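A.B. asks: Sequence first, then the predicted structure:
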Amino acid sequence: MGEIIFWTIVRITILIPILWVLQGYFHSNFWWTIGVLAIYVVIIHPAVLHYKLFKAKNKEVLESTLCSTCTHFDKSAVLCMLYDKHPSKVYLPCDGLDWEPKPTGVNNKDIYKD
C-alpha cells in the first residue's frame, strides 16, 4: 500500500511543474480541461489500478490465513503490526505462536446469562 502512495506522490511532483509550464500555451477555458484530464490520467487512474492489483494479489492472504483473524493484523497494509512483517500464504511472521483472536463484539456476560 505504501508503494501506491509513494508513486502517486512522485507522479504529482512530476505533473505539477509540467502543467505549470504548459499553462502558458493554452487558453484559460481549454486549460482547465487539460489540467483535470492530466490529473485523472496521470495520477488518479494509475493509483486506482494499482490498488485493485494490490487487493487481488493479497485476496488469498486476507481471506484464508490465520493472520487475517488476528488482532495484530492490519488489513489495509496486509501487515502484522506485532512483528512489522507482511504475511503471505506460506509465511506467518509469528508462526501462530502470538496469534490472538479478534474481538467478536459479543459480550461474555450475555453468553452465560440464564
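C.D. replies: Cool, got the structure. Residues are numbered from 1 along each chain as shown.

A.B. asks: contacts for stretch 23-31?
C.D. replies: residue 34 (C-beta atoms under 8 Å, 6 or more residues apart in numbering). C-betas here are computed from N, CA, C, even on glycine.

A.B. asks: Kindly report the same for stretch 41-60.
C.D. replies: Taking C-beta under 8 Å, 6+ apart as the rule, stretch 41-60 contacts 1, 3, 4, 7, 8, 11, 12, 14, 15, 78, 89.

A.B. asks: and with 7 Å instead?
C.D. replies: 1, 4, 8, 11, 12, 15, 78, 89 (C-beta atoms under 7 Å, 6 or more residues apart in numbering).

A.B. asks: which residues in the protein form strands?
C.D. replies: Using DSSP state E, the strands of the chain run over residues 73-74, 79-80.

A.B. asks: Single out the most deeply packed of these.
C.D. replies: strand 79-80 (a mean of 20; mean count of other C-beta atoms under 10 Å).

A.B. asks: What is the distance between that strand and the centre of its chain?
C.D. replies: 13 Å (C-alpha atoms, centre = their mean, to the nearest Å).

A.B. asks: what does stretch 54-74 give?
C.D. replies: Worked out by C-alpha atoms, centre = their mean, stretch 54-74 lies 13 Å from the chain centre.

A.B. asks: got the buried residues for it?
C.D. replies: For stretch 54-74, burial by neighbour count (16 or more other C-beta atoms under 10 Å) applies to 58, 61, 65, 67, 68, 70, 72, 73.

A.B. asks: Could you do stretch 75-82 as well?
C.D. replies: Across stretch 75-82, burial judged by 16+ other C-beta under 10 Å covers 78, 79, 80.
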